[in-house]
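> take a look and give me a structure for this.
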Amino acid sequence: QVRLMESGGGSVQAGGSLRLSCAASGYSRYCMGWFRQVPGKTREGVATINVYDTTRYADSVKGRFTISKDSTKTTLYLEMNSLKPEDTAMYYCAAARWSCSMTTGGYNDWGQGTQVTVSS
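Below is the predicted model:
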């Protein structure tokens, strides 16, 4: 099992930036991703990165968000720039064993989430 712990959330004004971190311990996984969820809505994929460092982004964040891993591959990051009020959500880090999907299926391990609030 992989244990994941997010940090770095907070409140910012529109146009601002935040950097989320996810500390991972345990077995390595093929894919890691960031997801977000607002109350009453389905959890949605934001960005993923696999063991080959291939990345994928939701259309809504392309050009504004960047997913990356540190050299030891134990910390996952999400650099968020030009934040918009619609980016407000709880952000979750997740790990998958076999494939990278922008949907929640296939992700076996989840962090507890970190809140991001963007005000206009």
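> name the residues of stretch 20-37 that are buried.
L20, S21, C22, A24, R29, C31, M32, G33, W34, F35, R36 (16 or more other C-beta atoms under 10 Å). Where C-beta positions appear, they are placed from N, C-alpha and C, glycine not excepted.
> so how far is T74 from the first one?
Right, the one you point to is L20. Computed as C-beta to C-beta, to the nearest Å, the L20 to T74 distance reads 15 Å.
> just the fifth one next, same as before
Counting by C-beta to C-beta, the gap from R29 to T74 is 11 Å.
> please report how far G63 lies from V46.
Separation of G63 from V46 (C-beta to C-beta): 13 Å.
> helices along this protein, start to end?
Under the criterion DSSP state H, helices are not mapped anywhere in the chain.
> residue contacts, the most centrally placed residue in the chain?
Nearest to the mean C-alpha position of the chain, by C-alpha atoms, centre = their mean, lies W34 at 2.0 Å. W34 is in contact with 20, 22, 45-48, 67, 76, 78, 91-94, counting by C-beta atoms under 8 Å, 6 or more residues apart in numbering.
> neighbour-wise, which one of the residues you listed leads?
Highest neighbour count within the contacts of W34, by other C-beta atoms under 10 Å: C93, with 29 neighbours.
> for A24, which residues count as its bridge partners?
Counting by DSSP bridges, A24 forms beta bridges with L4.
> need the contact list for it.
Listed by C-beta under 8 Å, 6+ apart, the contact set of A24 reads V2, R3, L4, M32, K73, T74, T75, L76, C93, A95.
> hmm, try it at 7 Å
Listed by C-beta atoms under 7 Å, 6 or more residues apart in numbering, the contact partners of A24 are V2, L4, T74, T75, L76, A95.
> would you list those in CSV and tack on distance to L83 and pLDDT?
Putting the contacts of A24 into CSV (distance: C-beta to C-beta, whole Å; pLDDT from 0 to 100) gives the following:
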residue, distance to L83, pLDDT
V2, 28, 83
L4, 23, 95
T74, 26, 86
T75, 21, 94
L76, 19, 96
A95, 25, 95
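> which of those fall in strands?
Within those, membership in strands is found for V2, L4, T75, L76, A95, as judged by DSSP state E.
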